[in-house]
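Chemist: Any chance you could fold what I've pasted below:
(chains A and B)
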Amino acid sequence: MTLPKDRTAAQDRTRRMVLLSIWIAILLGFPLWWKTTRVYRAELPFDEVEQWSQWSSCRPAFPLKINVHLSDAVSLPGSVNPQQQHEAIVSEIINKVQSSSPSSGSQNLPLEVVLVDQAWRGTKEQDILDRPSAVPGTYDFYISPTSSTSKKTSVSIKSQRQGWIQVADWTQDQISSAVAETLERVFGSERTKIQKLLDRQDEEEAAKVKTAVKYASGYQLTFSLFSGDTSNGVREWKMQEAINTYMAPFLRTMSVVSKFTVESQVQHYASLTFQPDLDATAKEYYLTPDKLPNFINTAEWSLASTVSSLPSLNFLVYVPPADQSPLVIKSGPGAPPSKTNSFLIPRWGGITVLNRPANDPILTVSELEPVMKIFLSQLRDLLGLSDLSTSVPAGSFPITFQKNEATSMTTWELDQLLRKRISENLVDSIKTLGSLARLVADTPNMVVLDPIQEDVTQALLDVKAACEKVQGSSSSSLSTGSAVEEALQHSRDALEKAESAFFDPTMVSMLYFPDEHKYAIYMPLFVPISVPLLLSLLKELKKWAAAKKEAKAKASAKKTAGQDADAEHVHDRKEEAEDRKTK
Amino acid sequence: MRHTSVSTVLTLSVALLALTTAPAAATKDSVPILKAPEAFHEELVLKPLNDGSVYSHFQFTTHIGTMMDEQHLDGAASNLFTHYNLFPRSIGQILHSFDVEELHLTFTQGRWQYGDWGYPLAPSVGTGVELWAWLNDDKGQTDLNWKGLTNTLSGLFCASLNFIDDTITTEPKLSFRNEGLYNVHSNVNASSADTKRLRYGSLPHENVCTENLTPWIKLLPCKTKAGIASLLKSHKLFDSRFYSMSIHVRPVCEDELCRVKSLELVQSITTVFDVARHDGSHDWTLIGLFEREITQACPLASTSKIVLHLPQTTNYQNQYALTPAPAKGTHFIGSEEDKQEIAVYDISGVSANSSPFELSMQWENARPKSVRPITPGIVAHRYFTGYGQERGGLSIEIHNNNSEDVESVYLDTLPWYLKLYLHTFTIDLNGKTLDNQRDLVSKMFYQPAVDRGRPAVLEMALRLPAKSLVKFSISFDKVFLKYTEYPPDANRGFDVGCAVITAELPRQQGQIGYGGLDHLRIYQEREASQVQSRFNSTRGSEDEGLDKIRVYTETLLVSLPTPDFSMPYNVITLTCTVIAMFFGTFFNLMMRDFDVVVPKESKAKGKKTT
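Modeler: Model (predicted):
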């Protein structure tokens, strides 16, 4: 028996429609499922981060303003028009600075040389010391003919952003070359350092262990006395007085860059984790440098702060017990002992071993003085304050440096630190944002919540603000002091925001719920549904292809068409029968 | 207007200190520096208990004149320089940064047997961890500070204190008062509003172990290197019937008029060693108890003593021998029945050159012939009633063995997953249900629980009649928790912390603190008499000789309805399978052609015929 042809065709159409509608439902539903089970990822401004890493929109530059004060004690030879002559001297200085300095890096510390019209009348040192410059980035150079008998050019850098240049020959050429050389020697190395930093060419330097701690807006300084034997040794120290005397002025000056909280504690019966070696000939115990990393007894010495979130710097005084003293640091038996008997742990703090007579329970302020001096220099190193007097290269004339006795630092060094910290903060925040961008791009499972997006945007805004502040610090000469500090503030905020985005705890959570789990959960639904769907789709496609072929064949040979259709139908029926059997 | 503002107190204290100590402490530096005297005392109390156990109580007290310092860097935060010597820096930092005025933290393992042992010197003996603190609320940040405090202490002591969150924390109204002369003084001089807040939390399930003891020892000036603390060996301490370790910080007055104030840190360890466990002998030696000996005294300690409460043997004298005998002989305290004999050893002379300190007690026949029984004034027990996982009941029994009525305060904190029904609250007095509950309960504070928000608190001021048994009972429903709220060991059950009864009892021999050791109490007796003299006008003088004690009940374990935790995945899989089956059938039906199969005529006929 044969079915009517139109019925078969109608059935085929219904079947195809059913299949099609199910597939449409699935194809529409799939993106919905994909979207609802996907992790949330806020858009991050990757392009902007990339732009910043090239400094394409703004490159930080720290303009320096040099005020040159010419002494009018002696008039310049051949002076016709003082106005013209001044301009000539300024342009000559600039020319000489530019010709002597390497082309790279000069844009990081652009110099603006101003010859102060009002001539300087003084000739004595005190006149200079009385006129400090309070604005970071603005320096006063006082130039006078040399007063010494040796008749040689000499430069003396005072602590409050002043310099005194004594020129051997009072000529225009001598004056300009002396100023140019001084500027080059004082600022040259800093210029190349900032250049390397901004262009990230300091990789080999970064690979080395850095002594200086990472920048933070505040540090906790902890001074600890570790007494090896409290029964016979020290029990108390006058640290409060010592800090007020030796540390406080320095910390007050440094508070422009970072704030400090200071604490001291005494720990009794502190023991080392190892027994120091005995040098029998010198009758002293010694620590070799390779043992110093194990010096701190982390299990027993309580050094960590329980509440402070500030990075902490530790300064330890260890008084060894009587049966281990004197204790010195030296490379081996017979070697000369370390003069300071102290060492510095990079990014952590400083340690001094103090040998003192037993049975004297109180450590006095005068005993603490040498210790505090060592701690102060260690603190300078830890904060990244470079010593200008050692970093300035030799030249044709000597440059002497004068330090502020109380603070043991100069504002020149402070300015240098400010500039270094701003550049470091900017580079670090952009590096962090870059890493974040790469991390997010590489890890598709990671959740990126809106606060992270806000942090990144805010960090970029802060980077921009800091960059613009330092750029513009020369134009508004009155407010330059605050401009640099504001720039530091912005750069600090940028770094904090960038790090809070990078270390956000919500980013990690979803890493433990990878896509595999999602698929595993939906497997019992997807597999049983997809198999018949795919099979029937294949079947329909086959049929459709066959039908097309048949239509072609029909067109060519109309006679055989009917038989073909019959054959197909029979084939279908056979399949159906088989299906029923299996059921 | 009960409390004064703390800033006033501190300025006052600094100013007063300046008056008393600054001239002496002024150094060669131009600015005089307030150097308050620091002092450290250590004491060990030993008492052989009636059941052959030995009670030991270590107490280390550190006084620091003032935490505040007038000198700091200009422009920076106040109190910039903080210098520590005997006082531990970690505790100082915590107090300062969370604005804590009083802090009490106790870790306890085991259960204190009031009936056999009497009342301990350190009253906090609730199993687990108990933390309570008075926080200054000047800035209205008490909850934030409390959270910071619990988290920081959690880190410091390696304990799960960070789990004391809003769902556990309570603010008792009548218990855990801030007492002592300092507070009396500051309350009398109160000029501002109530600015101190109490926070109380306990974790009954917390285990105490070596990792908690190590940071505790680090707070001691001499660590375990010298003094009586050198006896502390964790192996022996935790191998005991009862172990409790605590720190208490509170401001105190150094003189009666409270001119000089100081901060007091009390660290104590209480243990009950079971010496009779092995051979039934009640003999003990110091080295046998602790497996350590005192080789040198702590040079930082102002006093360093070992106090031995001698056993109260009735009728038979001289049954035991003490070696060495105390240098000053023994002496008696109290009279009549409550007479207590004590021996004091001063160990501040022990040094590396002399022989280590040793102490032993030998009984004539390895055990006493008879002992004087202890009848503690108040004993309380608490238990669950009912069965099943849906509802239950709670019963509390309080025995008053005194021959007088006793004023007391009952505090019970119940987790929110027990839904209390206050109308089911009944009181039985000596087995008879009371019709008028006001006969017993003079005040009652009840804070209903909020789901996942706060616990239920029941606090009552009671007047317990003489020689009575008072029993409370209340019913509750158990809550079916969310699937993620169960702990990993859900079928173990949930711990419910102890209830606390605070009562004023007449002094008696059952109290270990009785007998010359009042200065070791957290609320010192020396203060108590001074406090009383201030209140003499308002209070009757017959109150003298009353001690405030706290009695802790047992912790309880409640089992809540617990689900099958693989359920969510099962549900997902089952649902998916059902949907897949349905879809398969329905899809098959849709995709197939159904023809009517007409059987062949012949066959059909054949079938019919056969």
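
Chemist: name the element A:Leu70 belongs to?
Modeler: In this structure, A:Leu70 is located in strand A:64-70 according to DSSP states H and E.

Chemist: looking only at pLDDT, what's the mean for the helix or strand following that strand?
Modeler: For strand A:64-70, the succeeding helix or strand toward the C-terminus, using DSSP H and E, is helix A:82-100. Averaged over helix A:82-100, pLDDT sits at 77.

Chemist: what's the angle from helix A:82-100 to strand A:64-70?
Modeler: 130 degrees (axes from the mean of the first three to the mean of the last three Cα atoms, to 10 degrees).

Chemist: list the buried ones in helix A:82-100?
Modeler: A:85-86, A:89-90, A:92-94, A:96-97 (16 or more other Cβ atoms under 10 Å in any protein chain shown). C-beta here means a position set from N, CA and C on the backbone, and glycine is covered the same way.

Chemist: which other helices and strands contact that helix?
Modeler: strand A:64-70, strand A:111-115, helix A:172-198 (3 or more Cβ pairs under 8 Å, 6 or more residues apart in numbering or on different chains; DSSP states H and E).

Chemist: Please work out which residues outside that helix touch it.
Modeler: A:68, A:70, A:76, A:79, A:106, A:111, A:113-115, A:117, A:172-173, A:175-177, A:179-181, A:183-184 (Cβ atoms under 8 Å, 6 or more residues apart in numbering or on different chains).

Chemist: Could you identify the helix or strand that succeeds the helix or strand bottoming out on mean pLDDT in chain B?
Modeler: Between all helices and strands in chain B, the lowest mean by mean pLDDT, DSSP states H and E belongs to helix B:6-25, at a mean of 35. Once helix B:6-25 ends, the next helix or strand along the chain (criterion: DSSP H and E) is strand B:39-48.

Chemist: Quick check: neighbours of that following strand in the sheet, parallel or antiparallel?
Modeler: Within its sheet, strand B:39-48 is paired with strand B:54-64 (antiparallel), strand B:303-309 (parallel), according to DSSP bridges.

Chemist: Low-confidence bits of the chain, can you list those?
Modeler: Picked chain A for this. Counting by pLDDT under 70, chain A contains low-confidence ranges at A:1-7, A:73-82, A:100-106, A:117-119, A:121-123, A:148, A:201-209, A:472-481, A:508-513, A:558-583.

Chemist: that answer is for a different chain, and I need it for chain B
Modeler: B:1-37, B:66-81, B:187-194, B:256, B:259, B:313-316, B:334-338, B:507-545, B:601-610.

Chemist: residues of the longest helix seen in it that come out buried?
Modeler: In chain B, assigned by DSSP state H, the helix with the most residues is helix B:567-591. Neighbour counts over helix B:567-591 (16+ other Cβ under 10 Å) mark B:576, B:580, B:583, B:587, B:591 as buried.

Chemist: Contact partners for the second one?
Modeler: So that's B:Ala580. The neighbours of B:Ala580, taking Cβ under 8 Å, 6+ apart as the test, are A:524-525, A:527-529.

Chemist: any idea which of those residues is closest to B:Val500?
Modeler: The closest of those to B:Val500 turns out to be A:Pro524 (Cβ to Cβ; 53.4 Å).

Chemist: list the contacts for that closest one?
Modeler: Taking Cβ under 8 Å, 6+ apart as the contact definition, A:Pro524 lies against B:572-573, B:576-577, B:580.

Chemist: Could you do B:Pro455 as well?
Modeler: B:167-170, B:413-416, B:447, B:449.

Chemist: same thing but 7 Å
Modeler: Listed by Cβ atoms under 7 Å, 6 or more residues apart in numbering or on different chains, the contact partners of B:Pro455 are B:167-168, B:170, B:413-416, B:449.

Chemist: ok, now A:Thr506?
Modeler: Per Cβ under 7 Å, 6+ apart, neighbours of A:Thr506: A:447, A:449.

Chemist: that older thread, which members of the contacts of B:Pro455 are positioned in strands?
Modeler: Secondary structure from DSSP state E places B:413-414 of the contacts of B:Pro455 in strands.

Chemist: would JSON lines of the contacts of B:Pro455 with neighbour count and distance to B:Thr424 be doable?
Modeler: Putting those into JSON lines (neighbours: other Cβ atoms under 10 Å in any protein chain shown; distance: Cβ to Cβ, whole Å) gives the following:
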{"residue": "B:Thr167", "neighbour count": "17", "distance to B:Thr424": "23"}
{"residue": "B:Ile168", "neighbour count": "19", "distance to B:Thr424": "24"}
{"residue": "B:Thr170", "neighbour count": "23", "distance to B:Thr424": "22"}
{"residue": "B:Thr413", "neighbour count": "24", "distance to B:Thr424": "18"}
{"residue": "B:Leu414", "neighbour count": "21", "distance to B:Thr424": "14"}
{"residue": "B:Pro415", "neighbour count": "18", "distance to B:Thr424": "18"}
{"residue": "B:Trp416", "neighbour count": "18", "distance to B:Thr424": "18"}
{"residue": "B:Ala449", "neighbour count": "21", "distance to B:Thr424": "15"}
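
Chemist: For chain A, tell me which of the contacts of B:Pro455 show up nearby.
Modeler: Counting by Cβ under 7 Å from any Cβ of the partner chain, nothing from those sits close to chain A.

Chemist: how about JSON lines for the contacts of B:Pro455, with distance to B:Tyr486 added?
Modeler: Shown next, in JSON lines, are the contacts of B:Pro455 (distance: Cβ to Cβ, whole Å):
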{"residue": "B:Thr167", "distance to B:Tyr486": "14"}
{"residue": "B:Ile168", "distance to B:Tyr486": "17"}
{"residue": "B:Thr170", "distance to B:Tyr486": "23"}
{"residue": "B:Thr413", "distance to B:Tyr486": "21"}
{"residue": "B:Leu414", "distance to B:Tyr486": "18"}
{"residue": "B:Pro415", "distance to B:Tyr486": "13"}
{"residue": "B:Trp416", "distance to B:Tyr486": "15"}
{"residue": "B:Ala449", "distance to B:Tyr486": "18"}
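
Chemist: Turn the buried residues of helix B:567-591 into JSON lines, including distance to B:Pro48.
Modeler: Formatted as JSON lines, the buried residues of helix B:567-591 follow (distance: Cβ to Cβ, whole Å):
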{"residue": "B:Cys576", "distance to B:Pro48": "69"}
{"residue": "B:Ala580", "distance to B:Pro48": "75"}
{"residue": "B:Phe583", "distance to B:Pro48": "79"}
{"residue": "B:Phe587", "distance to B:Pro48": "85"}
{"residue": "B:Met591", "distance to B:Pro48": "91"}
